[in-house]
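**Q** let me see the structure of the following:
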Amino acid sequence: FMSYRMACDHADTVAAIASLAGATYAGDECDPSEPVATLQIHGTDDETIAYEGGNVGAGTGDYPGAEVTVELWAGYDGCDLDPTAGDPRDVSTSIDGEESTVEIYDQGCDPHGAAELWTVPGGSHIPALSDTFAEQVVEWLFAHPKP
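**A** Residues are numbered from 1 along each chain as shown. Presented below is the predicted three-dimensional model:
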């Protein structure tokens, strides 16, 4: 949640963010001053921050699901809302092979805008991350620099 807030408020200095099992806020008044590439990584069996969206309670309100979060940010970045499929990724050690699907929103975007969703089928809120997880995320972030 904090990454999305930072991207919204400081788009002039933030090039890209990665969110693991987070979301942007529903009804958030976000108007980034320029594109921020966003990567959402989320398990479908997350019982803390639900993949389909939900409410965190305590007066903090609703949050959208992983797909809606990525679509919102693709829209902020001026991207077409018809994603392409990327190569599967190995995110979790508790699921054999390259289990995670990838949806990429990078067509028609404003310069340096992009959004991507890595969905971990059966993944929980705190997945057992693969040995290459950090490298994959850092590689993605470095591929989306500010000009």
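**Q** could you tell me the end-to-end distance of stretch 94-107?
**A** End-to-end distance of stretch 94-107 (Cα to Cα, to the nearest Å): 33 Å.
**Q** actually stretch 35-55, not the one I typed
**A** For stretch 35-55, the first-to-last residue distance is 27 Å (Cα to Cα).
**Q** bridging residues for the most centrally placed residue in the chain?
**A** With distances taken as Cα atoms, centre = their mean, the residue of the chain nearest its centroid is Gln40 (1.5 Å). Listed by DSSP bridges, the beta-bridge partners for Gln40 are Ser19, Leu117.
**Q** buried ones in stretch 120-137?
**A** Val120, Gly123, Ser124, Pro127, Leu129, Ser130, Phe133, Gln136, Val137 (16 or more other Cβ atoms under 10 Å). For glycine as for every other residue, the C-beta is placed from the backbone atoms N, C-alpha and C.
**Q** nope, stretch 55-66 is what I was after
**A** Tyr63, Pro64, Gly65, Ala66.
**Q** about what we covered before: mind listing which of the buried residues of stretch 120-137 are in strands?
**A** Val120 (DSSP state E).
**Q** where does this structure dip in pLDDT?
**A** For the chain, the stretches with pLDDT under 70 are 26-28, 58-60.
**Q** where do the helices sit along it?
**A** 2-9, 66-76, 133-142 (DSSP state H).
**Q** show residues contacting the shortest one.
**A** Meaning helix 2-9. The contact list for helix 2-9, computed with Cβ atoms under 8 Å, 6 or more residues apart in numbering, reads 14, 17-19, 22-25, 28, 30-32, 36, 38, 69, 73.
**Q** for PyMOL, what selects the buried ones among those?
**A** Applied in PyMOL, the following selects the buried portion of the contacts of helix 2-9 according to 16+ other Cβ under 10 Å:
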select buried, resi 14+17+18+19+22+23+24+25+28+30+32+36+38+69+73
